[in-house]
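In: give me a model of this one.
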Amino acid sequence: MMNLSSIVPVPERFSIHAKLYLIGIVLNGFAFGIWNVVFQLYLTSLGFESAALGSIFMMLPIGSALLTIPAGVLADRYGKGKILIIGWAFMMSALTIILIAKSIEMFQLAYLLMGPSYAMFSVSGPLYASFFDAKDLDRAFGLNGFLNIITMSLSSLLGFVPPMLIGGYGFSLQTSYWVMVALAVGFWFGQMLFTILSLRGVVEPKRTGGFRFSLRSRGFLAKWCLISIIGNVGFGVFFNLFPYYVNKRFDVQSASLGALYFASNFVQAGAFAVAPRISKRLSTLKTIAITLGLCTPFYLMIPLAPNFAWLSAFYIIRLGLGNISGPLISALFFRLLYDDEKATANSISAMVGQGTGVFVPWLGGQIMQQVSLDSPAYLGSGLYVVYAVSYYFLLRNEKEKEAEPALAGEKQAN
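Out: I've put the predicted structure just below:
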């Protein structure tokens with residue numbers, strides 16, 4: 001049997017509850033792999049254009065913006081598991097509506113309901129980090145990302161299923177896409193079950209006294225949020241509508257898009273696997289800044305590609321280089337925070353991300369429709385230069401936080 005540690009570094013301490021959580025991550029990868037390939041094409045088959053898609057996707061951050069910080073604060077106070085379960089209730093309600101929706105308004109309602117779930121899911125990172133010691137976080141998040149991406153890659157091949165349903169069974173294009181959306185929903189239901197099972201292994205910090213807002217790392221968090229805004233706009237203004245972009249520019253359907261995601265996700269999984277090894281040599285912060293900088297020229301080349309093959313090559317290289325930073329960003333964030341503020345700080349960071357998400361899909365859709373299809377890519381690649389530089393110069397003097405004795409003892413007992 002293949003030893004996973006020979007591919008991606010595995011944390012030294014690995015509890016059964018962490019394994020249950022990662023099974024959920026695998027199922028999430030299958031769900032997102034399908035969703036990324038077919039969902040925007042499904043909406044396009046219903047007759048929606050880029051502006052309509054932007055108006056749908058912007059509802060999610062609107063729904064989450066007001067609840068993300070309270071979710072983190074309440075999670076630090078009353079427990080991450082309880083908040084996560086509430087989030088899954090909202091998520092299942094939203095996905096059920098998506099399965100029956102046909103109008104823009106119904107899809108907007110579904111994405112609005114997803115908002116609270118994403119607000120609650122902001123505690124997932126701190127929850128997962130609680131399964132491991134601080135020295136293992138690079139490996140833990142590398143493994144998390146590797147498993148998620150490798151399963152996304154495999155499920156991207158299911159983009160070949162709609163043409164098979166159409167040619168072999170007489171399905172319409174729209175119905176074949178709906179079947180795949182329903183399959184993704186089934187995988188998310190499975191993730192919910194395994195995530196809830198993993199919650200039994202969570203040791204929550206014990207609180208005394210009244211309710212209070214605990215956040216000691218305010219300066220660091222302010223800089224982190226500024227960097228996140230730049231990165232979220234730089235990425236989302238173009239890549240949030242990437243399936244729509246390739247469909248309109250090269251008439252790409254689910255099979256070709258699925259093949260691209262299959263190849264690119266394998267490269268991304270490799271990036272997640274090598275990230276801890278590179279960071280061990282260069283340091284986490286330098287690796288993040290360098291890899292984000294190196295991926296920027298390939299971002300710029302995407303709108304210059306003469307055909308889908310060249311676009312695919314630039315997309316894959318950009319993805320591989322940029323995503324070496326992926327698990328390291330999460331690990332660095334949690335190492336620069338105290339244990340009793342991680343969920344609160346993560347919820348603030350997530351709210352900033354959701355806040356930019358309110359207007360970024362709309363902005364990208366409007367620019368594609370009003371200016372040109374390629375313009376968001378030029379804007380995004382320019383912002384990525386600022387993004388890479390900001391990481392190093394704003395965070396180079398930040399110090400890692402030591403685990404407090406009481407919490408450290410609780411972790412060892414886990």
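
In: show me what whichever strand or helix holds residue 355 is packed against.
Out: For residue 355, the enclosing helix or strand under DSSP states H and E is helix 342-370. Helices and strands touching helix 342-370, by 3 or more C-beta pairs under 8 Å, 6 or more residues apart in numbering; DSSP states H and E, are helix 50-57, helix 59-78, helix 104-121, helix 124-129, helix 218-239, helix 326-335, helix 375-395. For the C-beta atoms, the positions are set from N, CA and C on the backbone; glycine is no exception.

In: for the ones you listed, which one sits closest to residue 280?
Out: Using C-beta to C-beta as the measure, helix 326-335 is the one of the helices and strands packed on helix 342-370 that comes nearest residue 280, at 10.7 Å.

In: pull the residues that contact the closest one.
Out: 125-126, 129, 134, 137-138, 140-142, 144-145, 224, 268, 271-272, 275-276, 279, 284-285, 287-288, 342, 345-346, 349, 395, 400-401 (C-beta atoms under 8 Å, 6 or more residues apart in numbering).

In: which stretch of helix or strand covers the nearest residue to residue 249 once chain neighbours are set aside?
Out: Excluding the flanking residues, the one nearest residue 249 by C-beta to C-beta, 6 or more residues apart in numbering is residue 373, at 5.9 Å. Using DSSP H and E, residue 373 sits in no helix or strand.

In: how about the contacts made by residue 373?
Out: Residues counted as contacts of residue 373 (C-beta under 8 Å, 6+ apart) are 245, 248-249.

In: and those, which are buried?
Out: residue 245 (16 or more other C-beta atoms under 10 Å).

In: hang on, isn't residue 117 packed against residue 94?
Out: Yes - using C-beta atoms under 8 Å, residue 117 is in contact with residue 94, at 6.6 Å.

In: returning to that earlier point: make JSON lines out of the helices and strands packed on helix 342-370 and add mean pLDDT and distance to residue 199.
Out: Output for the helices and strands packed on helix 342-370, formatted as JSON lines (pLDDT from 0 to 100; distance: least, C-beta to C-beta, whole Å):
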{"stretch": "helix 50-57", "mean pLDDT": "86", "distance to residue 199": "29"}
{"stretch": "helix 59-78", "mean pLDDT": "75", "distance to residue 199": "12"}
{"stretch": "helix 104-121", "mean pLDDT": "89", "distance to residue 199": "13"}
{"stretch": "helix 124-129", "mean pLDDT": "82", "distance to residue 199": "8"}
{"stretch": "helix 218-239", "mean pLDDT": "93", "distance to residue 199": "26"}
{"stretch": "helix 326-335", "mean pLDDT": "88", "distance to residue 199": "19"}
{"stretch": "helix 375-395", "mean pLDDT": "95", "distance to residue 199": "32"}
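
In: out of these, which is closest to residue 150?
Out: Among the helices and strands packed on helix 342-370, helix 326-335 sits nearest to residue 150 (C-beta to C-beta), with 13.3 Å.

In: so which of the contacts of residue 373 comes closest to residue 298?
Out: For those, the nearest to residue 298 is residue 245 (15.7 Å; C-beta to C-beta).

In: now the angle from the strand or helix carrying that closest one to helix 342-370?
Out: Using DSSP H and E, residue 245 maps to helix 242-250. Going by axes from the mean of the first three to the mean of the last three C-alpha atoms, to 10 degrees, helix 242-250 is angled at 20 degrees with respect to helix 342-370.
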